[in-house]
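> Build me a model from this:
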Amino acid sequence: MRVVLAGGGTAGHIEPALALADALRHLDQRIGITCVGTERGLETRLVPARGYELELVPAVPLPRAITPRLLTVPGRLAGAVNAVAAILDRVQADVLVGFGGYVATPAYLAAKRRGLPIVVHEANPRPGLANRLGARLTDHVFTGFPDHALGKAEYIGTPLRREIVTLDRLSMGDKARSWFGLQTDRPTLLVFGGSQGARSLNEAALAAAPVLRSAGVQVLHVLGPKNTVEREPPPGDPQYVLLPYVDRMDLAYAAADFALCRSGALTCAELTAVGLPAAYVPLPHGNGEQRINAERIAAGGGGFVVGDADLSSDWIVHNVLPVLRSPERVVALSEAASRLGRKDADIILARKVLEIVR
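Numbers count the residues shown, from 1 in each chain. Okay, the predicted model is just below:
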């Protein structure tokens, strides 16, 4: 069997695709897997690192407004569809599974042209243009959000990496903190802004560092690969560890008692799967899906929501610090977060794909 996976741009599209790839290989080592992406996305780094074949096609961003660029879309889209169709032919694909992003639109159209089964997975409550199109071309649509906007879709959760869904934070906590140079007996805050980082989170957390330290809280702060800071916290105790990027987010989750982060679909799915409570700061632009993600978790008792414009060092001190100083509140929030998580979406989707092909 040959499976082609289309999803790119951000980790939110790529990681679920790779989790499905791992699950398919777990069920049947003979399955051939090819990922399709573009040169402008994180897939150029993430896919080869996981050992999967990556084929690149031209990116065709679709304008959200009527502009002169709209006139160039049909020709460029046709070229991308032809490129994906050639890949499907070359690998003798049996099915196409799409996760959204620039590459998904031409992939869905190419699979339809070739008469291949199409499977769509949408992680967000508000689907993007590519997956809205894909959902019109197939009956096999699955979502990672229970209250989705795709009427015929089935909610299964978001496929996650095995190292995330099998993580035992309690048993791994001391080892994970030592891995990052943290002490094992301090309350620990994890700060991160997703695969690209977030300036507002970085600035607020760094400004709160002196108060957090004086209260005995240590911080693991992932800036994002493209972000820098003018001044790092001076060396001291408790530790304030600044890193540009972390490949082992499972260890970062295990090291933490609480997180301060964005609320993309993948982040929310991972934190609830491992039972890590968080203060979620939804992206201030876009279609509002990050706020919907975060509000569902907050309503279930697994964390808080704060607007990007409202986030400050004072907000962290008055809202996050009291939680970190109360082990009972941390436990209650962790248990609530874990009740909202799904850990089996990768295997469920893999079995669905096998059934559809057969």
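> Report the separation between residue 4 and residue 357.
Remark: distance between residue 4 and residue 357 (CB to CB, to the nearest Å) = 12 Å. Using the backbone N, CA and C atoms, a C-beta is placed for each residue, glycine as well.
> Looking at those two now, which is surrounded by more residues?
residue 4 (25 against 15; other CB atoms under 10 Å).
> just to revisit the earlier point, give me the common contacts of residue 4 and residue 357.
residue 95 (CB atoms under 8 Å, 6 or more residues apart in numbering).
> now the host helix or strand of residue 202: mean pLDDT?
Element membership for residue 202 (DSSP states H and E) is helix 199-214. Mean per-residue pLDDT for helix 199-214: 95.
> now do stretch 284-291
Computed over stretch 284-291, the average pLDDT equals 86.
> Report how many residues lie close to the residue lying closest to residue 16 once chain neighbours are set aside.
Of all residues not flanking residue 16 in the chain, residue 159 sits nearest, at 4.4 Å (CB to CB, 6 or more residues apart in numbering). Residues lying near residue 159 (other CB under 10 Å) number 30.
> Okay, and residue 159 sits in which element?
With DSSP H and E as criterion, residue 159 is part of no helix or strand.
> Residue 99 should be in a helix, yeah?
No. With DSSP: H, G, I helix; E, B strand; the rest coil as the criterion, residue 99 is strand rather than part of a helix.
> Contacts only, for it.
5-7, 13-14, 16-17, 121-123, 131.
> Okay, and which of those residues map to helices?
Among the contacts of residue 99, DSSP state H puts 13-14, 16-17, 131 in helices.
> which residues in the protein form strands?
Assigned by DSSP state E, the chain shows strands spanning 2-7, 32-37, 53-56, 95-100, 118-122, 140-143, 154-155, 188-192, 218-222, 240-243, 258-261, 278-280, 303-305.
> In its sheet, which strands sit next to the fourth one, and in what direction?
Just to be clear, that refers to strand 95-100. Using DSSP bridges, strand 95-100 pairs in its sheet with strand 2-7 (parallel), strand 118-122 (parallel).
> tell me the mean pLDDT over it?
Strand 95-100 comes out at a mean pLDDT of 96.
> burial of the residue nearest to residue 354 when sequence neighbours are not counted, as a residue count?
What sits nearest to residue 354 in space, not counting adjacent residues and going by CB to CB, 6+ apart, is residue 27, at 6.8 Å. Using other CB under 10 Å, residue 27 is surrounded by 13 other residues.
> again, but for residue 103
Quick note: residue 103 (other CB under 10 Å) scores 33 neighbours.
> go on, residue 338?
Residue 338, neighbours per other CB under 10 Å, totals 18.
> remind me which residues of the stretch 51-200 of the chain are low pLDDT?
61-72, 195-197 (pLDDT under 70).
> Check the closest residue to residue 298 other than its chain neighbours and give its pLDDT.
In space, and not counting its chain neighbours, residue 298 is closest to residue 305: 4.8 Å by CB to CB, 6+ apart. Looking at residue 305, its pLDDT reads 98.
> Now do the same contact list for residue 305.
263, 279-282, 291, 294-295, 298.
> Adding distance to residue 352, write the strands of the chain out as JSON lines.
Shown next, in JSON lines, are the strands of the chain (distance: least, CB to CB, whole Å):
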{"stretch": "strand 2-7", "distance to residue 352": "12"}
{"stretch": "strand 32-37", "distance to residue 352": "16"}
{"stretch": "strand 53-56", "distance to residue 352": "22"}
{"stretch": "strand 95-100", "distance to residue 352": "10"}
{"stretch": "strand 118-122", "distance to residue 352": "7"}
{"stretch": "strand 140-143", "distance to residue 352": "7"}
{"stretch": "strand 154-155", "distance to residue 352": "8"}
{"stretch": "strand 188-192", "distance to residue 352": "31"}
{"stretch": "strand 218-222", "distance to residue 352": "33"}
{"stretch": "strand 240-243", "distance to residue 352": "37"}
{"stretch": "strand 258-261", "distance to residue 352": "30"}
{"stretch": "strand 278-280", "distance to residue 352": "30"}
{"stretch": "strand 303-305", "distance to residue 352": "30"}
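> Fine by me, thanks again.
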